[in-house]
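**Student:** Sequence plus the predicted model coming up.
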Amino acid sequence: MVTPDSFLPFRKGRGRLPLFLRGFSELVFDNDAGVLLDEPSIEAIYAIRQLTLIFSKILLPCTPERERKAFDDYVQCDSEINEGIPATDKDLSEFSRMASLLFGPIFSKLDRKIFDGSIVPKHGPGATAEKLTSNGKYLNRYWPSRLEDVFHVGDFLYPNARFVSECYDEIDFAEPGAEIPSRVISVPKTQSAPRIIAIEPTAMQYVQQGILEALMQAINEDFLIDLIGTEDQGPNQALAQLGSEDGSLATLDLSEASDRVHSELVRRLLARHPLAKEGVFACRSERASVPGHGIISLAKFASMGSALCFPFEAMVFLTIIFLSLEQEQGHMFTKRSEIKDFIGRVRVYGDDLVVPIDCVHTVVYNLSHFGAKVNGRKSFWTGRFRESCGKEYFEGQDVSIVKVRNLFPSQRQHVTETISLVSLRNQFYQHGCWETVKWLDSKLERILNFFPKVEPSSSALGRHSFLGYQTERVCEHLHRPLVKAYVVSGDPPNDKLDGPGALLKYFLKRGLRARDDGRHLERAGRPRTVRIKTRWVTPF
């Protein structure tokens, strides 16, 4: 309902609703009583949200003051959880028992892979704390002694044993106090605050990616793939839609989710699998370099940016949810078959949680009890609105909106802005905002001389249409339709690699990628600049 203190900055006439957008809001709320109408207009709800939230997540740098505050909050958050979590030893013991029931078979497989030495590491595409180039990562000779205790350097930094004997003296075995810390930075998120992430040291991220691959393979082979997600947001969104329709499910969102997962919780999660625990914590960064604060010791398990942050926070939250379900059911779960009964009613994707409505208060309490913070503004269990993984629903109807991410371009050379504007136009088209699309088309046609109708799968910067794609000519070699359009082009930077590093990269490549022509040894990494070029391309 609308209370008298709602919308204080806006001028009001008669009744409780503001004059601004009153035509829409009167289709949702009763102007005199302020209560929700029995049959509010779904179109009006969408219109109000679209008009008021369209610029809520534009990717522009925050003011220096807000950026400094974000770093201060990062340090303050870690300081708070360093004082300990409210949970007692008995609570932590129960947490460990439930974790073993949920993830025992998965961690056993991880144990076996670490024991057998079959963890295959991988360098990710992102930056590292040492600022190494993409191919330069394969020449890394820094290896913390904590890693060496579990993962032998000869199995990870060299293509075979012959090179180990020749180059072993090059290795820098860093003791815990001398390890390279993760590098904390800010990236644009909203105008109110940036997103704070940590860039991991090369060696740590290298092993983290290998453990992540083994962990996800084990989860994908288990029924828990229906309860925990790391790649597909669709199941969470479908459950949010169901919850908005029949009120049976609640959607919860957590604030500072990754920063509030205490390392002790992950230790308890892995308590009955010592080899997996040793491996996971060997590649965990224990210190971070924070602008304005220097190097601090970390109480959190991992910051956003660690390859293991996302899956382990999801496993911690799922464990807490099932502890809550036990309390609501009034008996201890002893079989994994009892866990299966909640498929379709419980789902965790990072910090987006879906839980049964009848246990939501217990879940919220226990999340706080174990150190998490539930975001009340983005969590829903009363009414008919639900939100999860970027999709919003009211009474089962999709009321998700389109948001502007970048400023509009004034010329084609503004590549990022042009790509973003084309995406914005096509998103509005999918939402049926025809007049908005027509206006955006007029803007784009001044910048792009060629702007054909194409399918979403096409590489062309074109307009999507329910009426299909257009054809301007036929390829004389493959006899397929072509259109003249702009495409995004960017070359990886020069980054030559040869010798043992090149051989190591070849052995670490997965699948058919290992059979390419070797150009990745000349150029590698994300393009520093991208361009828009005119080409004849397929419209699908």
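**Tutor:** Right, received. Where do you want to start?

**Student:** Need the residues that contact stretch 294-306.
**Tutor:** By Cβ atoms under 8 Å, 6 or more residues apart in numbering, the residues outside stretch 294-306 that reach it are 75, 77-79, 81-82, 126, 181-182, 184, 195-200, 204-205, 208, 258-263, 265-266, 284-290, 308-309, 312-313. Every C-beta, even on glycine, is put in place using the N, C-alpha and C of the backbone.

**Student:** Using neighbour counts, trim these to the buried set.
**Tutor:** Among the contacts of stretch 294-306, those classed as buried by 16 or more other Cβ atoms under 10 Å are 75, 77-78, 81, 181-182, 184, 196-200, 204-205, 208, 258-263, 265-266, 284-286, 288-290, 308-309, 312-313.

**Student:** So what touches stretch 442-457?
**Tutor:** 408-409, 411-412, 418, 421-422, 425-426, 441, 460-465, 467-470, 472, 483-486, 534, 539-540.

**Student:** burial count for the residue nearest to Thr230 when sequence neighbours are not counted?
**Tutor:** Among residues not flanking Thr230 along the chain, Pro311 sits closest, at 5.5 Å (Cβ to Cβ, 6 or more residues apart in numbering). Taking other Cβ atoms under 10 Å as the neighbour definition, Pro311 ends up with a count of 18.

**Student:** wait, Pro311 sits on Ala214?
**Tutor:** No. Applying Cβ atoms under 8 Å as the test, Pro311 and Ala214 come out as separate, 11.1 Å apart.

**Student:** Helices of the stretch 51-200 of the chain, start to end?
**Tutor:** For the stretch 51-200 of the chain, the helices defined by DSSP state H, counting those that start in this stretch occupy 64-82, 89-116, 145-148, 153-156, 161-167.

**Student:** Where strands are concerned, which of the buried ones among the contacts of stretch 294-306 count?
**Tutor:** Among the buried ones among the contacts of stretch 294-306, the members falling in strands are 182, 184, 196-199, 288-290 (criterion: DSSP state E).

**Student:** per-domain residue ranges of the protein.
**Tutor:** Structural domains annotated on the chain: 66-398, 415-537, as defined by automatic domain parsing.

**Student:** how about those in CSV, adding distance to Asp38?
**Tutor:** Shown next, in CSV, are these (distance: least, Cβ to Cβ, whole Å):
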stretch, distance to Asp38
domain 66-398, 11
domain 415-537, 26
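
**Student:** which residue sits closest to Leu239 in space, ignoring its chain neighbours?
**Tutor:** Leu239's closest residue in space is Val354 (Cβ to Cβ, 6+ apart), at 4.5 Å.

**Student:** no, scratch that, I was asking about Arg195
**Tutor:** Closest to Arg195 by Cβ to Cβ, 6+ apart is Lys189, at 3.8 Å.

**Student:** What is the burial count for the one you found?
**Tutor:** Lys189: 16 surrounding residues under other Cβ under 10 Å.

**Student:** Contacts only, for it.
**Tutor:** 57, 59, 195.

**Student:** Per-residue confidence, it, what does it come out as?
**Tutor:** Looking at Lys189, its pLDDT stands at 89.

**Student:** Relative to the whole chain's centre, how far out is the worst-scoring helix or strand of the chain on mean pLDDT?
**Tutor:** When the helices and strands of the chain are compared on mean pLDDT, DSSP states H and E, helix 161-167 comes out lowest with a mean of 76. Put simply, helix 161-167 sits 39 Å off its chain's centre (Cα atoms, centre = their mean, to the nearest Å).

**Student:** got the contact list for that helix?
**Tutor:** So helix 161-167 is in contact with 141, 153-154, 158, 500, going by Cβ under 8 Å, 6+ apart.

**Student:** now do 6 Å
**Tutor:** The contact list for helix 161-167, computed with Cβ atoms under 6 Å, 6 or more residues apart in numbering, reads 154, 158, 500.

**Student:** Export stretch 408-416 to CSV, keeping only CA atoms.
**Tutor:** Extracted in CSV, the C-alpha atoms of stretch 408-416 (Å, rounded to 0.1, in the frame of the first residue of the first chain):
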residue,chain,number,x,y,z
PHE,A,408,24.4,7.6,-26.4
PRO,A,409,27.1,7.9,-29.1
SER,A,410,27.5,11.0,-31.1
GLN,A,411,29.6,9.3,-33.8
ARG,A,412,30.4,5.8,-35.0
GLN,A,413,33.9,5.9,-33.4
HIS,A,414,32.2,5.7,-30.0
VAL,A,415,32.2,1.9,-30.4
THR,A,416,31.2,0.8,-26.9
